[in-house]
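K.L.:
sequence first, then the predicted structure, then my questions.
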Amino acid sequence: MMKYLFGGASLITISLAFTMVDRESVSTPIAPATSVVKLTPDSIYNRHVTELYKSAHLAESGLPESVFEKAVTGFYNLKKSGQLSAHKDILTIADFDQSSTKKRLWIIDLDQKKLVLNTWVAHGQRSGNDKATRFSNTNESFQSSIGFYLTAEVYRGQHGKSLRLDGMDEGFNSNARKRSIVVHGADYVSQGTINALGRLGRSQGCPAVPPELANQVINSIEGGTVLFINVSDPYYTSRYLNTHVAAMYATNDIGSVPQTELADTALSI
């Protein structure tokens with residue numbers, strides 16, 4: 001009889017133990033899975049570019065982020081090559097994908113993260129009417145040349161104060177100095193011309209700007225800064241569009257994370 005009692009007690013004990021384990025498993029919360037994202041130069045660079053774009057309110061001014069990304073990548077590649085001014089981080093973008101009636105020239109201070117100026121800019125006579133669709137690196141073509149430029153010296157010419165440009169993309173704008181492709185003011189870059197013609201006037205290939213703003217534009221960008229003339233051309237290539245090189249340089253320049261720590265740094269989200 002005692003044997004059966006003890007046997008029954010054992011069964012009750014085992015049943016209670018399973019019940020307690022079952023209740024504990026239900027009541028104990030399961031910790032959420034943790035994913036780890038490596039902070040790499042590329043991810044830090046992408047975050048930096050987005051921050052610049054937002055801080056300068058470039059979306060509100062009509063500049064597509066994709067165009068800004070291309071221009072900034074070229075800026076950092078050129079800066080790494082040691083060809084830029086050590087005194088100012090100015091980037092100028094002319095987006096020739098846009099209509100000439102749009103204010104499609106942007107001067108951006110990357111150090112201050114702000115938009116300095118947004119205004120009109122003309123394209124070449126033989127590049128198209130309202131929109132630029134044809135481009136050349138050839139003398140007397142009267143067409144615009146796309147790609148990255150470095151601003152050079154200021155001089156006074158037939159259009160008054162003007163700024164020489166050196167094209168940095170072989171085959172696309174490398175003859176800019178020989179062609180006298182310069183930044184200058186022109187009366188045909190105005191709201192009055194748009195009202196009369198339905199578009200801006202056109203140059204002989206120069207990125208001409210409103211005459212009343214010419215001094216401000218030239219003073220802001222002269223002396224070794226980047227001008228990028230953008231066009232969505234599938235044939236355009238540039239060695240300055242290497243995103244990884246830009247990222248490696250920018251992470252040091254930004255100072256967000258020391259270069260030696262990037263490979264071992266992780267962020268839990």
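P.N.:
That came through, no problem.
K.L.:
pLDDT below threshold where in the protein?
P.N.:
1-37, 253-269 (pLDDT under 70).
K.L.:
repeat that for 80
P.N.:
Low-confidence segments of the chain, defined by pLDDT under 80: 1-38, 253-269.
K.L.:
how about the helices in it?
P.N.:
2-27, 41-55, 65-80, 191-197, 214-221, 243-254 (DSSP state H).
K.L.:
same for the fourth one, what does it pack against?
P.N.:
What that stands for is helix 191-197. With contacts defined as 3 or more C-beta pairs under 8 Å, 6 or more residues apart in numbering; DSSP states H and E, helix 191-197 has no helix or strand neighbours. Every residue, glycine included, has its C-beta placed from N, CA and C.
K.L.:
repeat that for the fifth one.
P.N.:
Secondary structure elements in contact with helix 214-221, counted by 3+ C-beta pairs under 8 Å, 6+ apart, are strand 90-95, strand 105-109, strand 114-119, strand 160-167, strand 182-184.
K.L.:
what does it contact?
P.N.:
Helix 214-221 is contacted from outside by 90, 92, 105, 107, 116-117, 119, 151, 154, 159-163, 183-185, 209, 227, using C-beta atoms under 8 Å, 6 or more residues apart in numbering.
K.L.:
one more time with 10 Å
P.N.:
85, 88, 90-92, 105, 107, 109, 116-117, 119, 121, 149, 151, 154, 159-163, 165, 182-186, 189, 207-210, 213, 227 (C-beta atoms under 10 Å, 6 or more residues apart in numbering).
K.L.:
repeat that for the last one.
P.N.:
Outside helix 243-254, the residues that touch it by C-beta under 10 Å, 6+ apart are 39-49, 51, 69-70, 72-81, 89, 110, 239-240, 242, 256-259, 262.
K.L.:
could you redo the last one with a cut-off of 8 Å?
P.N.:
Contacts of helix 243-254 (C-beta under 8 Å, 6+ apart): 40-42, 44-46, 48, 72-77, 79-80, 257, 259, 262.
K.L.:
export that helix as PDB, just CAs?
P.N.:
Included here for helix 243-254 are C-alpha records, laid out as PDB according to Å, rounded to 0.1, in the frame of the first residue of the first chain:
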ATOM      1  CA  THR A 243      32.500  56.300 -54.800                       C
ATOM      2  CA  HIS A 244      34.800  54.100 -52.700                       C
ATOM      3  CA  VAL A 245      37.700  56.500 -53.100                       C
ATOM      4  CA  ALA A 246      35.500  59.400 -52.100                       C
ATOM      5  CA  ALA A 247      34.200  57.400 -49.100                       C
ATOM      6  CA  MET A 248      37.700  56.500 -47.900                       C
ATOM      7  CA  TYR A 249      38.900  60.100 -48.100                       C
ATOM      8  CA  ALA A 250      35.700  61.600 -46.700                       C
ATOM      9  CA  THR A 251      35.700  59.500 -43.600                       C
ATOM     10  CA  ASN A 252      39.000  60.900 -42.600                       C
ATOM     11  CA  ASP A 253      38.000  64.400 -43.600                       C
ATOM     12  CA  ILE A 254      34.700  64.200 -41.800                       C
END
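K.L.:
hey, which strand is longest across this structure?
P.N.:
Criterion DSSP state E: the longest strand present in the chain is strand 147-157.
K.L.:
for it, which helices and strands make contact with it?
P.N.:
helix 65-80, strand 160-167, strand 182-184, strand 226-230.
K.L.:
what about these, which gets the closest to residue 141?
P.N.:
strand 160-167 (13.5 Å; C-beta to C-beta).
K.L.:
what sits up against the closest one?
P.N.:
137, 145, 147-156, 173-177, 181-185, 211, 214-215, 217-218, 221-222, 227.
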